[in-house]
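Enquirer: my questions are about this predicted structure, shown below with the sequence.
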Amino acid sequence: MQLDGLLRKYLRKGNTGQLVIKFKEDPHLCKIYIEDGEPVYLLMGNKRPEDVLESIQRMNPEEANFIEGVRTSRRLDASVFDRFDSLLAGTGPIPDSGDIEITGTVPPHVVDKLIEDFIDIIGPLGSVIAEKLLSRIGYNKEEYMDPEDYKTLLSGLVAELPDDYREDFKNRHTGV
């Protein structure tokens with residue numbers, strides 16, 4: 001599980017609640033309050049919010065939970081959260097999903113089939129590439145995948161394929 005994947009998953013328009021993250025390196029839980037996809041407040045132990053942002057960049061998430069509907073009356077200046085952009089950009093951009101259209105949640109067996117087909121083309125290294133992308137979007141195996149996450153995964157896998165395989169692969173996996 002990677003921090004940028006967790007943030008990408010929950011910092012989306014329409015999400016309101018509290019993202020609680022347990023890091024391996026710290027006994028305190030990090031709590032990020034989100035309103036309509038935007039972070040508004042965060043805390044972790046007795047650290048100042050600015051210090052929390054600085055320290056979590058070097059930490060590894062162990063567990064995370066999103067509690068919908070939780071709100072806070074506290075607010076931080078928006079400039080504090082400009083640093084979230086650097087957390088999201090930490091591992092480089094995920095390719096644009098462009099013209100890929102997916103509606104509805106995607107069952108786990110469809111995600112598994114997508115990854116199996118990718119590995120069949122790329123070889124054993126394909127599993128490493130797929131796992132890295134799955135971690136970045138914060139996907140837990142055996143769960144239904146959000147359509148935006150599926151588009152991101154598919155785009156990322158297509159970008160790794162040789163040119164002559166891309167269009168056919170994309171077409172086979174967009175009819176979910």
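Expert: Right, received. Where do you want to start? Small disclaimer: the values here were computed from a predicted structure and weren't measured. Numbering: from 1, shown residues only.
Enquirer: pLDDT weak spots in the chain?
Expert: Low-confidence segments of the chain (pLDDT under 70): 1, 83-100, 175-176.
Enquirer: buried stuff in stretch 49-59?
Expert: 49, 52-53, 55-56, 59 (16 or more other CB atoms under 10 Å). (Glycine included, C-beta is placed from N, CA and C.)
Enquirer: the residues you listed in strands, which ones?
Expert: The subset of the buried residues of stretch 49-59 located in strands under the criterion DSSP state E is empty.
Enquirer: which among these gets closest to E131?
Expert: Within the buried residues of stretch 49-59, the smallest distance to E131 is 19.9 Å, found for M59 (CB to CB).
Enquirer: pretty sure the closest one sits against L3.
Expert: Yes - look at M59 against L3 with CB atoms under 8 Å: they come within range, at 7.3 Å.
Enquirer: export stretch 40-49 as PDB, just CAs?
Expert: Provided in PDB are the C-alpha atoms of stretch 40-49 (Å, rounded to 0.1, in the frame of the first residue of the first chain):
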ATOM      1  CA  VAL A  40      -9.600  20.400   5.200                       C
ATOM      2  CA  TYR A  41      -7.800  19.200   8.400                       C
ATOM      3  CA  LEU A  42      -5.400  16.600   9.500                       C
ATOM      4  CA  LEU A  43      -3.800  15.500  12.800                       C
ATOM      5  CA  MET A  44      -1.500  12.800  14.100                       C
ATOM      6  CA  GLY A  45      -0.600  12.600  17.800                       C
ATOM      7  CA  ASN A  46       0.500  16.000  19.000                       C
ATOM      8  CA  LYS A  47       2.200  17.100  15.800                       C
ATOM      9  CA  ARG A  48       1.400  20.300  14.100                       C
ATOM     10  CA  PRO A  49      -0.400  19.700  10.700                       C
END
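Enquirer: what separates it from the chain centre, distance-wise?
Expert: Remark: stretch 40-49 is offset 22 Å from the chain centroid, using CA atoms, centre = their mean, to the nearest Å.
Enquirer: which stretches in this protein count as strands?
Expert: Using DSSP E, the strands of the chain run over 17-23, 29-35, 38-44, 61-68.
Enquirer: make TSV out of these and add mean neighbour count and distance to Y144.
Expert: As requested, the strands of the chain are arranged in TSV below (neighbours: other CB atoms under 10 Å; distance: least, CB to CB, whole Å):
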stretch	mean neighbour count	distance to Y144
strand 17-23	19	19
strand 29-35	20	21
strand 38-44	20	25
strand 61-68	14	15
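Enquirer: let's have those in CSV, adding distance to L76.
Expert: Shown next, in CSV, are these (distance: least, CB to CB, whole Å):
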stretch, distance to L76
strand 17-23, 14
strand 29-35, 9
strand 38-44, 6
strand 61-68, 19
